[in-house]
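Asker: Give me coordinates for this.
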Amino acid sequence: MARACSASRPVYSIGAVARMLGVEPATLRAWEERYRVVVPARSRGSHRLFSRDQVEHLRFVLRAMADGSSAADAHRLLAEELREPS
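Answerer: Numbers count the residues shown, from 1 in each chain. This next block holds a predicted model:
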């Protein structure tokens with residue numbers, strides 16, 4: 001029986017996420033270190049692994065930046081969005 005894929009399960013490498021979003025892996029690493037909002041899991045080999053939800057969170061950041069927000073403001077908006085009850 002096939003197991004349902006959870007949106008919160010870490011499956012995407014940093015390279016895959018960078019390609020999906022059109023940003024450099026170094027940018028994703030810098031955002032992780034600076035803002036600590038989207039922090040991927042680590043594999044046994046210490047590679048970053050992002051979930052589908054985290055990819056969507058990064059898309060939120062990129063949309064906010066496209067609308068004129070700085071990276072810091074976009075991450076602050078995301079953190080506020082994540083704190084609000086659904």
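
Asker: ranges for the helices of the chain?
Answerer: 14-21, 25-35, 52-66, 71-83 (DSSP state H).

Asker: Rebuild the ones you listed as JSON lines, extending it with mean neighbour count, distance to residue 43 and mean pLDDT.
Answerer: In short, each C-beta sits where N, CA and C put it, glycine included. Putting these into JSON lines (neighbours: other C-beta atoms under 10 Å; distance: least, C-beta to C-beta, whole Å; pLDDT from 0 to 100) gives the following:
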{"stretch": "helix 14-21", "mean neighbour count": "15", "distance to residue 43": "11", "mean pLDDT": "98"}
{"stretch": "helix 25-35", "mean neighbour count": "14", "distance to residue 43": "15", "mean pLDDT": "98"}
{"stretch": "helix 52-66", "mean neighbour count": "16", "distance to residue 43": "15", "mean pLDDT": "98"}
{"stretch": "helix 71-83", "mean neighbour count": "15", "distance to residue 43": "24", "mean pLDDT": "97"}
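
Asker: Out of these, the one nearest residue 7 is which?
Answerer: helix 52-66 (4.4 Å; C-beta to C-beta).

Asker: relative orientation of that closest one and helix 71-83 in degrees?
Answerer: Interaxial angle of helix 52-66 relative to helix 71-83 (axes from the mean of the first three to the mean of the last three C-alpha atoms, to 10 degrees): 140 degrees.

Asker: How much space separates residue 25 from residue 81?
Answerer: Using C-beta to C-beta, to the nearest Å, we find residue 25 at a distance of 24 Å from residue 81.

Asker: do residue 14 as well
Answerer: Counting by C-beta to C-beta, the gap from residue 14 to residue 81 is 23 Å.

Asker: One more: residue 20?
Answerer: Distance from residue 20 to residue 81, by C-beta to C-beta: 20 Å.

Asker: Might one say that residue 60 is in contact with residue 79?
Answerer: No: checked against C-beta atoms under 8 Å, the pair residue 60 and residue 79 is beyond contact range at 10.7 Å.

Asker: Need the phi and psi values for residue 84.
Answerer: phi -70, psi 140 (degrees, to the nearest 10).
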